[in-house]
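*Asks:* What shape does this take:
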Amino acid sequence: MDSSEQLLTIVAVLLGALTTYVTNYWTERQRIRRELLTRWDDKKLDAYEGYIDRVRASVFIAVELYEHTEDIRRSDDPESQIRARLTEAAHFRGRAFERVMLLGGDDVVEAGHNLNAAALEVDWQATGKLSGTLEAWRDRNRAVFRAINAFHQAARDDLGVSGTVAGDTHPERDLLLPSARTDNRVEGDSE
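*Replies:* Below you'll find the predicted structure:
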C-alpha cells in the first residue's frame, strides 16, 4: 500500500469518526430537548389543572354562600364559616394562578386573567360587595364557566392538544338549575 492510499484511508476513518460524533451529538441534543419540553408540559398541565380546580372550588363555595344568604338553600355551616372558606379559596386560587403566570403562554395567561375577573364578580355578588338579581347571579356564573372553557382551550393549544372544547362538536351548556320554587314547593310537585 503506498502512502496516498494510507492517507486516503486515514482521512476516511477520520471523516467517519467525525460524522458519527456529529450525529450522536445532534441526536443527544434532540433527546434532551424533547425531555425538557415534556418536563415543562407536565408542569404546565399540573399548573393548569390545579388552577381550574381552585377556580371551581371557589365558585362552588360562593354558590353555597349566595344561596345561604338569599334563603335559596340554607347551609348547615354558619355564614361566617362559609365566608372564611371563600376567602381561603380565593387566596388559593390566586396562588394557583401565579403558577399559570410562570409557566403559561400569553394566551393562557390572558384567558386566566379573564377567568379571574369573572370569578371575582361571582365572589363579590356572593359576599354582597356587588349587588344584583338572581338572573344577574346566574349570568355571572355562566360567564365563569364560559371563561373556564376559554381557559381550557388556551391551555390545550399551549400544550399542543388537538381538538376543541367548544363549537359544533361540543355545544355550549347552560347551568344545571333546579326547577323554580313557589311557596316552598318545586314546580311540578303534586300534593
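*Asks:* Tell me the helix or strand right after the biggest helix by length in the chain.
*Replies:* The single longest helix within the chain, with elements called by DSSP state H, is helix 3-69. Next helix or strand after helix 3-69 toward the C-terminus (DSSP states H and E): helix 79-103.
*Asks:* in that next one, what counts as buried?
*Replies:* For helix 79-103, burial by neighbour count (16 or more other CB atoms under 10 Å) applies to 82-83, 85-86, 89-90, 92-93, 96-97, 99-100, 103. In this view, the C-beta of every residue, glycine as well, is placed from N, C-alpha and C.
*Asks:* okay if I get the residues you listed as CSV plus pLDDT?
*Replies:* Below are these laid out as CSV (pLDDT from 0 to 100):
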residue, pLDDT
Ile82, 97
Arg83, 97
Arg85, 97
Leu86, 97
Ala89, 97
Ala90, 96
Phe92, 97
Arg93, 97
Ala96, 97
Phe97, 98
Arg99, 96
Val100, 97
Leu103, 94
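*Asks:* Which of these sits closest to Ala119?
*Replies:* Arg93 (6.9 Å; CB to CB).
*Asks:* Roughly how far does that closest one sit from Arg74?
*Replies:* From Arg93 across to Arg74, the span is 25 Å (CB to CB, to the nearest Å).
*Asks:* same thing with Gln30?
*Replies:* Distance of Gln30 to Arg74, given as CB to CB: 61 Å.
*Asks:* Is there a neighbour count for Asp42? I'd like the number.
*Replies:* Using other CB atoms under 10 Å, Asp42 is surrounded by 11 other residues.
*Asks:* try Ala154
*Replies:* There are 22 residues near Ala154, going by other CB under 10 Å.
*Asks:* Repeat that for the one 4 residues further on.
*Replies:* Using other CB under 10 Å, the number of residues around Asp158 comes to 20.
*Asks:* got a list of what it touches?
*Replies:* By CB atoms under 8 Å, 6 or more residues apart in numbering, the contact list for Asp158 reads Lys44, Gly104, Gly105, Asp107, Val108.
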